[in-house]
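**Q** sharing a model prediction with you, sequence too.
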Amino acid sequence: MSKRFFLIVLDSFGVGELPDAYLWKDEGSNTLGAIRNHPNFNCPELKKMGLFNIDGVGGGVNAPKASYAKMCEKSMGKDTTIGHWEIAGIISPDPLPTYPDGFPEEVIKEFEEKTGRKVICNKPYSGTEVIKDYGREHVETGALIVYTSADSVFQIAAHEDIVPVEKLYEYCEIARKILVGKHGVGRVIARPFNGEYPYTRTANRHDFSLLPPSDTMLNVLQRAGYDTISVGKIYDIFAGSGISESNRTTSNTHGMQVTKVLQGRDFNGLCFVNLVDFDMKYGHRNDVAGYAAAATEFDTFLLSFIKDMRDEDVLLITADHGCDPATPSTDHSREYTPMIIYGKSIKSGVNLGTRASFSDISATVLEYFGVDQSGTRGQSFLKQVKR
């Protein structure tokens, strides 16, 4: 009989500041806390599953349908790459490089030489504001808009009529080859836009990540003969390593549609999903109403998904960091993340407390499939929740 494990990451859905949040100036951040009282937030299924029973969240139900935990990030970071790597079994003791003053001259010079285009901006910037402030200059001159954020990213924005999308991807690949070693940022990101001023970002974003420094659960499962299916930007985050099938998506809605289609398919292994709109469209834009509405949309999907789960299916819902839309910051926040695990073979109502690392998820997935996890990190909690 085939076994299927669905791991869904609600990108940035944090549940409160970590004890070391002050190191990132994230004191007081609580992404779930920022949205749960908004009129757009209506998540009865997540509540029944045990989201609010998680330690420190408050407002839980008497008999949760799922088991649950609060996850602590052990890696030194609060970005997408490090968060997902830890979920997949890698703990990163050192943060990836960031550039609060822009990238050094030697990086920009080499990039300009190899692309044949000048660079403008080269500062930390909001992705929507940068095209308002530099878009016209780019359109007039053809210079590439390069910017960063508080995360370890090198972002390149260009109008699709000036730089076709495939050419922009080529420039990102050039940057990726330059940005290694001490300048090895987590992601190089293509940020295409179109239309007339003030311009609109398109769905053709593409991330070019560092290869993970060691095996993840994806590599281990793939070598053991299991399917490893990605939905959304999972493929980009792991630079394709250990992934047997990739499904790109354009939005949360599309990602949930793809996941539902995969649920109706026969496969034997892991379906690893990222729903990026929570972070990209709402967290980074301080859009509390939009974030709350996105949670409600996911809750509706969740009810449908649970109804169609097979006897051997397991569903695990988590996040990779926070991005509190109610703080003045538009950057990620250093937060605990939720973990909800559900299935007919999974006990209900088990409070696993606070886990020491996101990597406990990887260890649990690997134990579920009976695969040796000695090459990855984490402590499995499967025995505590398995019927």
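**A** Ah, there it is.
**Q** going forward, measure contacts and count neighbours with C-alpha atoms only.
**A** Noted.
**Q** and the next helix or strand past the helix or strand of the chain with the lowest mean pLDDT?
**A** Taking mean pLDDT, DSSP states H and E as the measure, the helix or strand of the chain with the lowest value is strand 206-209, at a mean of 91. Once strand 206-209 ends, the next helix or strand along the chain (criterion: DSSP states H and E) is helix 217-223.
**Q** sheet partners, orientation included, of the following helix or strand past that next one?
**A** Using DSSP H and E, the helix or strand that follows helix 217-223 in sequence is strand 227-231. Within its sheet, strand 227-231 is paired with strand 245-247 (parallel), strand 269-275 (parallel), according to DSSP bridges.
**Q** so which of those strands is the most packed in?
**A** strand 269-275 (a mean of 25; mean count of other Cα atoms under 10 Å).
**Q** report the angle between the longest helix seen in the chain and strand 269-275.
**A** As assigned by DSSP state H, the longest helix anywhere in the chain is helix 288-307. Here helix 288-307 points in a direction 160 degrees away from that of strand 269-275 (axes from the mean of the first three to the mean of the last three Cα atoms, to 10 degrees).
**Q** gap between the next helix or strand after helix 288-307 and the chain center?
**A** Later in the chain than helix 288-307, the nearest helix or strand by DSSP H and E is strand 314-318. Centroid separation for strand 314-318 versus its chain: 14 Å, with Cα atoms, centre = their mean, to the nearest Å.
**Q** before we move on, the earlier item: make a markdown table from the strands paired with strand 227-231 and add mean pLDDT and distance to residue 116 to it.
**A** Shown next, in a markdown table, are those (pLDDT from 0 to 100; distance: least, Cα to Cα, whole Å):
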| stretch | mean pLDDT | distance to residue 116 |
| --- | --- | --- |
| strand 245-247 | 98 | 32 |
| strand 269-275 | 98 | 35 |
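**Q** need these in a markdown table (columns: distance to residue 236).
**A** Rendered in a markdown table, the data for these read as follows (distance: least, Cα to Cα, whole Å):
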| stretch | distance to residue 236 |
| --- | --- |
| strand 245-247 | 9 |
| strand 269-275 | 11 |
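**Q** out of those strands, which is closest to residue 55?
**A** Smallest distance to residue 55 across the strands paired with strand 227-231 (Cα to Cα): 24.1 Å, for strand 269-275.
**Q** which other residues reach the closest one?
**A** Residues outside strand 269-275 that contact it (Cα atoms under 8 Å, 6 or more residues apart in numbering) are 2-11, 221, 226-234, 251-252, 255-256, 259, 369.
**Q** what's the next helix-or-strand element following that strand in contact with?
**A** Counting by DSSP H and E, the next helix or strand C-terminal to strand 269-275 is helix 277. Contact with helix 277 is made by 11, 251-252, 294, as judged by Cα under 8 Å, 6+ apart.
**Q** which helix or which strand is home to residue 70?
**A** Using DSSP H and E, the element containing residue 70 is strand 67-71.
**Q** okay, now the sheet partners of that strand, with direction.
**A** Partners of strand 67-71 in the sheet, by DSSP bridges, are strand 337-342 (antiparallel), strand 351-355 (parallel).
**Q** that one: how far from the chain's middle?
**A** With Cα atoms, centre = their mean as the basis, strand 67-71 stands 18 Å off its chain's centre.
**Q** could you dump the first helix or strand past that strand going along the chain to CSV, C-alpha only?
**A** Following strand 67-71 in sequence order, the next helix or strand is helix 80-87 (DSSP H and E). Output of helix 80-87 as CSV, limited to C-alpha atoms (Å, rounded to 0.1, in the frame of the first residue of the first chain):
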residue,chain,number,x,y,z
THR,A,80,12.9,31.3,3.8
THR,A,81,16.0,29.3,2.8
ILE,A,82,17.3,28.6,6.3
GLY,A,83,13.7,27.9,7.6
HIS,A,84,12.9,25.4,4.9
TRP,A,85,16.4,23.8,5.2
GLU,A,86,15.8,23.3,8.9
ILE,A,87,12.3,21.8,8.3
